[in-house]
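Visitor: I would like the atomic coordinates for the input below:
(chains A, B, C, D and E, ligands or ions: 4)
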Amino acid sequence: MRKHLSQHLFRRFVPFAAILPMAMVTLVAYLGATLWSIRVSFSNSRTMPTDTFVGFAQYVKLFDNDRWLLSIENIAVYTVLFILISMILGFLLAVFIDQKVMAEGALRTIFLYPYAMSFVATGLIWQWMLTPGIGIEYAVRQMGFPDFTFDWIIDQDKVIYTIVIATVWQTAGLVMALLLAALRGIDEEIWKAARLDGIPVWRVYVSIVIPMLAPAIATVFLLLSTTAIKLFDSVVAMTQGGPGTASEVPAKFIMDHLFGRANIALASAGAVMLLVPVIVILAPYVYARSRRKQA
Amino acid sequence: MSTTTAVQHKSKYAKRTKRITRSWTPARLGIYAFLLSAAMFFLLPLYIMLVTSVKSMDEIRMGNIFALPTQFTIEPWITAWSSACTGIDCEGIRGGFMNSLAIAIPSTIIPILLGALNGYALSFWRPRGANVLFGILMVGAFIPVQVMIFPLVRILASVDLYSSLPGIVLVHTVFSMPVMTLLFRNYYSTIPHELFQAARIDGGGFVRIFVQLVLPMSTPIIVVAAIMQLTGVWNDYILGLVFAGRDHLPMTVQLNNVINTTTGTRQYNVNMAATILTSLVPLTLYFVSGRWFVRGIAAGAVKG
Amino acid sequence: MANVRLQNLGINLSGNQIIAELNLAVEAGEFLVLLGPSGCGKSTLLHAIAGLIDVSAGTVEIAGQDMTWADPSERQIGMVFQSYALYPTMTVEKNMSFGLRINGTPKAEIERRINKVAEMLHLTPLLKRKPAALSGGQRQRVAIGRALVREAEVFLFDEPLSNLDAKLRTNLRRELKLLHQQLQSTMIYVTHDQVEAMTLATRIVVMQAGKVQQIGTPECVYERPVNLFVAGFLGAPAMNFIQGQLDSQQRFVSNSINMDLSSYVFADSGEYSGEVIMGVRPEQIQIRDDGPFVGSVALVEPMGNHQVVWLQAGAQTISCIVNEQRPFAIGQTVLYSIDTRKISLFDPKTEQRL
Amino acid sequence: MANVRLQNLGINLSGNQIIAELNLAVEAGEFLVLLGPSGCGKSTLLHAIAGLIDVSAGTVEIAGQDMTWADPSERQIGMVFQSYALYPTMTVEKNMSFGLRINGTPKAEIERRINKVAEMLHLTPLLKRKPAALSGGQRQRVAIGRALVREAEVFLFDEPLSNLDAKLRTNLRRELKLLHQQLQSTMIYVTHDQVEAMTLATRIVVMQAGKVQQIGTPECVYERPVNLFVAGFLGAPAMNFIQGQLDSQQRFVSNSINMDLSSYVFADSGEYSGEVIMGVRPEQIQIRDDGPFVGSVALVEPMGNHQVVWLQAGAQTISCIVNEQRPFAIGQTVLYSIDTRKISLFDPKTEQRL
Amino acid sequence: QNSAARAVKPIPAEKAEIIHWWTSNSESAAAKLIAENYRKAGGIWVDTAIAGADQARAVAINRIVGSNPPTAAQFNTTKQFLDLVEQGMLNNVDDVAKAEGWEKILPEPVLNVIRINGHYYAVPVNIHMQTWFWYSKAAFKKAGIAKEPASMDEMFAAMDKLKAVGIIPLAHGGQAWQETIVFQAMLTNVGGKDLYLSVIRDRDQKAINSEAFKKVLLAFKRMQSYIDPGSPGRNWNDATALLISGKAGVQIMGDWVKGEFAAAKQVAGKDFGCIAGLTPNSPYLIQGDAFVFPRTNNPATVQAQKLLAKVLLNPATQIDFNKLKGSIPIRSDVDTSTMDICAQTGMAIMKDKSRHLGISEMFLTPDQNGALQDILTAYWNTRIPVEKVQKSIASAFKD
Ligand SMILES: Nc1ncnc2c1ncn2[C@@H]1O[C@H](COP(=O)(O)OP(=O)(O)OP(=O)(O)O)[C@@H](O)[C@H]1O
Ligand SMILES: Nc1ncnc2c1ncn2[C@@H]1O[C@H](COP(=O)(O)OP(=O)(O)OP(=O)(O)O)[C@@H](O)[C@H]1O
Ligand SMILES: [Mg+2]
Ligand SMILES: [Mg+2]
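Guide: Numbering: from 1, shown residues only, chains lettered A, B, ... in the order given. Ligands and ions are numbered 1, 2, ... in the order given. As a prediction, this is how the structure comes out:
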């Protein structure tokens, strides 16, 4: 009895031991960094963190800043479009590649390769392609459509869409790979049953496959959300936030203030503000889940 | 079924042969059309990169990005690989290759293993409180990496890991943990729980079940994780720069030194060649990973 | 040798009370067969004994020790899952040897056991295959094999032979019985096959809706069912229930039947008169030319070695088993008799045996 | 009403020839039962008929049309998968109604059918549940329900009742028969249950290792098996095979038995003498005090309504069915007789019926 | 060589790790020259090149925080390292500065930045002038512009002419920092030194709201009307390429542009012209690179730092380095006859102390400077009333 009990306790303990690295990382790195950021955001730190606290001054400054407000607006538009289009395109690619097509390996690599390329260079290519006068507009005009215009990248209102295009190009392949892996996990018998039921293929996807892919879709969604909110490299490489400040995004604001502008307090305030909507969205979900587990 | 419809149907199916049904229905043509146009969209930038990389700078200054080179040159490739300047040395990007490998291999394997382990513990064992930790972790995934650099530098310096190979591997592990855990956790949630139960009856402990049952069933997701992680680490610049220390600077630092400049002259052809060269390692992984995207990893496992 | 004792067991699944206040004592070395309608909680019970689902009340005792919260791997249990739960990435051989390799059984011994079990289950040519390349029955046999190689203290079988052909099933049934005798392990066995239940069980447990209805030897349960449910559940074709009156002379009177039941032994050794339900098994009804009762043939089902004849007697349909191959015409009037020695009487209100 | 015709069918699965040169003609409205040992290719055959796996040779004809390469959805087929293959994210109701909603059946009609089928399968209280929250038998019933609501031309059932309790199974068997009569659809039904096979089939097909061994009415297959395999496969307990000699006077002679078989009708209406194997079903052996042959009781299996007695007669073990509840002691010597009218004789070399 | 150097040195040489951002071909050659000279002087140069000034500085700071500092790190001669000094994270090089008499040879604005509380914390190495007007001789010829513009009005007139013949008047890269350069050109050439100082140095609200400053802003906005639609996001060198090919007339950019012309084999004075300031008294904006020395107590390292400081300002190093880099020497006492005409022009102007003027980053904190940049780029790219811009700048410069 006693032996069993101790063995039992030991076994119960093993899973906890296994998640110890995760716990450490979560608590020390993530929770720690978050708390640190919050602390810094209430100080007047510049290049280095200092202990002079200034209350909400940085936040006031933040929301007094036109560029920050514009960045928020931009990232909202960007996030919605980027996630939506990447998921749809990635899903379609996964589905079509899953149809036993020829040259599957080559196609998969083609769709994935943008993900492997440093955006410092590919961003420049996109900038070229989108620049009126040398890029796609030029090429189409050469092909005999002299009135064709495609100048979003220099358009204050549309430049954010060009970032969407280029980042979708970069990420859609990864979405495809993720969903493909999940698609391949669906039992063949389910497919057979659906075929027998005479269900059109698209309906099978909509009504059976997509619900079964829910965990993978959740993964993709979270993954895309994190990359979207942290959007930085692509903007720097393609537009540097321009024209003007039209394509500024929060992460770039944070980075500029973190390094070039040596105002880590304001940068931290920005980072903390980024987390607010995330927590607001995620917390009830986590709470509900843990409640359900206990039930 | 009445005989008239039967006759109609007969003519409809009789002509069908295997080949027709399998490859050239309009639907299949549509699929190929979609895939091909998508491929074109994806390849266009690569085309420009390739074309640019074999032009001379003079030609690039002319400005027609789509045009084929009038004078083909592979000089930029050679330069990129072995003689572009990356500081006072001009030895191309190859210098960091071994460093990149030394960083990328452990930084791919360890996070994947940890992610799988976390996902496994979260989905099957559900230790108390783990979900809350996971929630915090996922929120943490939204913090821009750069914001965390400063505290991390301090922490690593305090344990004497700053500017070392283990240090940079640890940092990659930390930053990849949310995504890796998420990936595996959600993947495992689709595996029938009964398999896990059977293994417990068989006396499998935490580790055994993980190594012998769960990991072998994870091939597709491991491949995806490897794609993500290897690419991420291979292309990482800022973390390698800050944490790896001078002796372990990854290839991307060289690449960036070639490409990135504010006031120096730019050699677009060399930049493109260098970029493509740098990405060859992940690209190779993408290409060979195909056979691991197997179907039905859990097929035949359970009934119902 | 290990006994299993469940006390006041309660189990909830997603908020539904599946099993409540269940008590069951399985003796060491016993072969207990669990019977019950689909969805009554048999699998749930097995899972609880194995420690795979947490009980919400009560205790599970194995080999004299409280194992309610012990890990499944500590319970020394071999189990065949109703859904098989084979390891998809392992070959048949690996599937079976997994547990042994884990507890460090020597290689040679593993091989010996695998070969023995594979032989018995006709799996030898399939040892190198993965589950996905097996037929349904083959998968089920692998599931059985995986449990058997463990030579555990307690075996839990959840409908282990349901997808096998009759011949194999008969063979395996015999092998299991043999194995039980050899290993002296305790077996808890869920089946829907009456033949299996009858031939294998030392005792049968009949469950309904998460509750135990009767526990007893096969003969006892078959011949002296404690209530209408057990009576109707066991036996195929099912017991005939004939409603009528028991008068003070212990005569049973219904529309078409009037017979003396004075030899009937009441459960509480008392007497009774009034409304009753008489249960008669089909094999206790003989169609013979000198039978006292009349019926007309409504349906004939030939079963190979016997036929089931359904008789219409007034509003009552009565099934009986005829062992000769004698032909019957639908509508034909026949005479039949009822063997009163083995009938059961039930109270129509409480549905309990009288 | 649709017939199904398979001609020279060949099927390979991962390089193994599972089915070769199979010919089978199922008439419209027929209820064909497929029998065969585990792994003989029954499920594979059903999948091929449904168009779910590609055949490597031969043709599949449904309703008179070549459907070898037609899409499964064009074949008007309802199927119960051996592994159920329920849609895990849909409720029971959705699982059943999905196909109907897709092909535009009116809402009211869908509801009517679902209710009818759910009623019949006792699924009504479970309609809102997802498959994961169902017991094994409940899942199987959902799988049946999903096929039945389609009211297709051809139904393929792959062991649809294997996980149900005897009572439910008897009920559903009857319902299926009724449904078959109503819909007049063609049914191809895999089962391991002899009772199902006997009661449901208009014809039985016995398969072994991908080949058809015999096709015929249940009685024909049971009483006149064409070879040793079919003879041994059908019937539980299995047919007794007694090796011996047939002498020129048509007397069968073995160690313990010597009897006159002059009334036996040979398959090729010729005569035969020499080594034979005599097949006798257990129910054709009567233990009676005036029996001509002697044996000793080796084992008794009580089966509720009958008992199986295993007799040792020389080296031969013989099973027989005793319908009375008469007690036997192990080792007890008994006399028995053999009903010669329904015996079968086989050639020991070719294993074919003589 | 190395052994010879070692023989001269009193204490054994310590490896000196230097973080810098000179990675392009010309920069790299320039850096190499310093390294070479350092080596000759007995030091051991360990190179850590990191492209991008922000990145390189960030790494340097993190390395300092992580107690693994480099021996020296490149910064700009601006306020960037002020915080580090205040936190006590840098060593000073007072010994060297005193011994070499920096006070006499370095321009005042530079001294003001590197000398903090009387200590010298950085070694400046060069002077870049950001607001050069470069023009294509071919384009000017085509547009019929005979004379180099000598005032802002003439410049506008020239640009109108260029526009008339279908040439892009202003080759501009539409990135915020390039727009700031155009602004500074306007502020110095239209507003003049005094306005510059009261706006940028004194952050004088009155000056910012003045008519004079408004004129500067309007001139700045007028420049925007001379660019081509493809300009947003363009790199400066692609703008230069427009000049080289004769598609554009003028570019306002720093003297690093010379590298591009050289790569295209164009010669200053023949193929293109350079104007440092439109009027004889327009200020010469000083910007440049400097090295700082993270704090360390290791005497060998301190030794290495001092040696580096010495080498960096060595006249020979100065000449050779700045030739390669395209900038002009930081010290006024070197012989410039071997340099190109643009550099010589620059050096000539530098002789006049009254024309010395530091770029905005020498006066503003990085944060204020960034805010100014944000306002300017928004103004350049959108339609914002000039008064609002004045107000925004005023509010960004408060406190
Ligand atoms: N993917 C596969 N690759 C190779 N062989 C296979 C594959 N799937 C099934 N088989 C084999 O084909 C044979 C026929 O399988 P099938 O499922 O048709 O059997 P079955 O008659 O339905 O048996 P059961 O009664 O056990 O369900 C089996 O021996 C099986 O091992
Ligand atoms: N996760 C669940 N949530 C709610 N109810 C459940 C869940 N799993 C099973 N049930 C219900 O619990 C009851 C018992 O299920 P169990 O699997 O034990 O039945 P069973 O006796 O094994 O039946 P069968 O003979 O059909 O396998 C069933 O009515 C089933 O619907
Ligand atoms: Mg069950
Ligand atoms: Mg099968």
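Visitor: E:Ala29 touches E:Asn322, doesn't it?
Guide: No - proximity of E:Ala29 to E:Asn322 does not meet the contact threshold set by Cβ atoms under 8 Å, at 11.9 Å. Heads up, the C-betas are built off the backbone N, CA and C, glycines and all.
Visitor: have a look at those two and say which one is more surrounded.
Guide: Neighbours per residue (other Cβ atoms under 10 Å in any protein chain shown) separate E:Ala29 from E:Asn322, with E:Asn322 holding more: 27 against 18.
Visitor: how would you label that one: helix, strand or coil?
Guide: helix (DSSP: H, G, I helix; E, B strand; the rest coil).
Visitor: what residues are up against it?
Guide: E:Ala30, E:Asn126, E:Ile328, E:Pro329, E:Met339, E:Ala343 (Cβ atoms under 8 Å, 6 or more residues apart in numbering or on different chains).
Visitor: in helices only, show me those.
Guide: Using DSSP state H to define helices, the subset of these located there is E:Ala30, E:Ala343.
Visitor: highest neighbour count among the contacts of E:Asn322?
Guide: Each of the contacts of E:Asn322 was scored for neighbours by other Cβ under 10 Å, and E:Ile328 scores highest at 31 neighbours.
Visitor: what's opposite it in the beta bridge?
Guide: Per DSSP bridges, residues listed as beta-bridge partners of E:Ile328: E:Ile127.
Visitor: and it, what does it touch?
Guide: E:Ile328 makes contact with E:Asn126, E:Ile127, E:Met129, E:Asp255, E:Asn322, E:Thr336, E:Met339, E:Ala343, E:Gly346, E:Met347, E:Met350, according to Cβ under 8 Å, 6+ apart.
Visitor: OK, contacts around the residue in the stretch 1-150 of chain A positioned nearest to ligand 2?
Guide: Taking Cβ to the nearest ligand atom as the measure, the stretch 1-150 of chain A has A:Pro15 as its residue closest to ligand 2, at 22.5 Å. Shown here is A:Pro15, whose contacts under the criterion Cβ under 8 Å, 6+ apart are B:Ala121, B:Trp125, B:Arg126, B:Pro127, B:Ala130, B:Phe206.
Visitor: biggest separation within these, which pair?
Guide: The distance between the two most remote of those (Cβ to Cβ) is 13.3 Å, for B:Ala130 and B:Phe206.
Visitor: who has more neighbours, these two?
Guide: Shown here are B:Ala130 and B:Phe206; by other Cβ under 10 Å, B:Ala130 has more neighbours (23 against 19).
Visitor: the more buried one touches A:Ile19, doesn't it?
Guide: Yes - contact status for B:Ala130 versus A:Ile19: in contact at 5.5 Å, counting by Cβ under 8 Å.
Visitor: who touches both of those two?
Guide: Common contacts of B:Ala130 and A:Ile19 (Cβ under 8 Å, 6+ apart): B:Ala121, B:Leu122.
Visitor: what about whichever residue of the stretch 101-250 of chain A sits closest to ligand 3, distance to C:Asn95?
Guide: In the stretch 101-250 of chain A, the residue that lies nearest ligand 3 is A:Glu189 (19.9 Å; Cβ to the ion). Between A:Glu189 and C:Asn95 the distance is 20 Å, computed by Cβ to Cβ, to the nearest Å.
Visitor: cheers, nothing more for now.
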